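1. coords please:
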Amino acid sequence: MNDAHLHLVFNHLPIIIPIVGLLVMIVGLIIRSEVVKRTAYFIFILGAVCTIPAFFTGEGAEEAVEHLQGMDEKYIHIHEEMAETFALLSYLLGAISIFGLWASLKQKSFSKMITYVAIVFSLVVLFFGKQTGTTGGEVRHTEIRNDSASGAPVQDSDD
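-> Numbering: from 1, shown residues only. Below is the predicted model of the structure:
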């Protein structure tokens, strides 16, 4: 397995795991269960941890594909920039979750507020995760690329 393989293995986890965390957190709010909310915090922390290998295998994946025929460095650069933002936000969600977990365990009065902050911030993380995943897909999947001017799919010149 090379870094491109590893990147493909790891890169879905930081996007999927916060979705699960968000759903669990919403359920925790609905049923008013601190145990369920704590579980959501752990899931968000897991998502942040899984961002590390996804992020650090990206450079090796770039080196593996940048010289392939038809590869456009522009798409790699866009994905790389988006991934940096996503990784930072994912780490911040992990930090918020550690703080929220602590506040919940210590039964702090602001614990409920941290829950809402985690939910809102997870939505931000998921937005950037979607953008990062899409720009990553555009590196190799020409069928999902959009013409930046019209929003229409780019047609291959082979047609």
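2. switch to C-alpha atoms for all contacts and neighbour counts from now on
-> Noted.
3. tell me the first helix or strand C-terminal of the helix or strand harbouring residue 81.
-> Under the criterion of DSSP states H and E, residue 81 resides in helix 73-105. Going down the chain from helix 73-105, the next helix or strand is helix 111-140, by DSSP H and E.
4. tell me the contacts of residue 85?
-> residue 128 (C-alpha atoms under 8 Å, 6 or more residues apart in numbering).
5. go on, residue 5?
-> Taking C-alpha under 8 Å, 6+ apart as the test, what residue 5 contacts is residue 61.
6. so how far is residue 50 from the closest residue to residue 53 other than its chain neighbours?
-> Counting by C-alpha to C-alpha, 6 or more residues apart in numbering, residue 53 lies nearest to residue 10, which is 6.5 Å off, once chain neighbours are set aside. Distance, residue 10 to residue 50, using C-alpha to C-alpha, to the nearest Å: 7 Å.
7. hmm, back to that, the helix holding residue 81 - what's its average pLDDT?
-> Averaging pLDDT along helix 73-105 yields 95.
8. in it, what counts as buried?
-> 75-76, 79-80, 82-83, 86-87, 89-101, 103-104 (16 or more other C-alpha atoms under 10 Å).
9. do the same with stretch 109-125
-> Buried, per 16+ other C-alpha under 10 Å, within stretch 109-125: 111, 112, 114, 115, 117, 118, 119, 121, 122, 124, 125.
10. which residues are contacting that stretch?
-> With C-alpha under 8 Å, 6+ apart, stretch 109-125 has contacts from 18, 22, 25-26, 37, 86, 89-90, 93, 96-97, 99-100, 103-104.
11. one step back: enumerate every residue touching the residue nearest to residue 53.
-> Counted by C-alpha under 8 Å, 6+ apart, residue 10 has contacts 50, 51, 53, 54.
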